[in-house]
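# fold the following and give me the result.
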Amino acid sequence: MATIKVSGMKSPDCAATISEVVKTADGVEVVNVNYATGEVTYGPTECVDPAIIEEMIKEAGYEPEGN
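Model prediction:
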């Protein structure tokens, strides 16, 4: 599993939006999003490029932090 910190999530609806977006990435089987901590955890990581996940999050209107 990999974790990305994301800024801009303020509610469960934000978390649901990011979860739905990340689930569409090839190779992603599990996504957990916590808006309170600003963390997006996904896996497996062997065949998923983190840059693609970060770009998907940006396109959804949120900002990955420090990645």
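
# helix/strand/coil for the residue nearest to the spatial centre of the chain?
Here the mean C-alpha position of the chain is nearest to the C-alpha of V40 (C-alpha atoms, centre = their mean), at a distance of 4.3 Å. On the three-state scheme (DSSP: H, G, I helix; E, B strand; the rest coil), V40 is labelled strand.

# so what's it up against?
T3, I4, K5, V6, I18, S19, V22, V31, N32, V33, I53, I57 (C-beta atoms under 8 Å, 6 or more residues apart in numbering). All C-beta spots, glycine's among them, are computed from the backbone N, C-alpha and C.

# if you set the cut-off to 10 Å instead, what comes out?
By C-beta atoms under 10 Å, 6 or more residues apart in numbering, V40 lies in contact with 2-6, 9, 15, 18-19, 21-22, 31-34, 53-54, 57, 62, 64.

# buried members of these into ChimeraX, please.
Filtering the contacts of V40 down to the buried ones (16 or more other C-beta atoms under 10 Å) takes a single ChimeraX command:
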select :4,6,9,15,18,21,22,31,33,53,54,57,62,64
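
# out of the contacts of V40, which sit inside helices?
Mapping the contacts of V40 onto helices (DSSP state H) picks out A15, I18, S19, V21, V22, I53, E54, I57.

# dump the residues you listed into JSON lines; add pLDDT and distance to C47 as well.
Output for these, formatted as JSON lines (pLDDT from 0 to 100; distance: C-beta to C-beta, whole Å):
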{"residue": "A15", "pLDDT": "98", "distance to C47": "24"}
{"residue": "I18", "pLDDT": "98", "distance to C47": "20"}
{"residue": "S19", "pLDDT": "98", "distance to C47": "19"}
{"residue": "V21", "pLDDT": "97", "distance to C47": "18"}
{"residue": "V22", "pLDDT": "97", "distance to C47": "14"}
{"residue": "I53", "pLDDT": "96", "distance to C47": "12"}
{"residue": "E54", "pLDDT": "96", "distance to C47": "16"}
{"residue": "I57", "pLDDT": "97", "distance to C47": "18"}
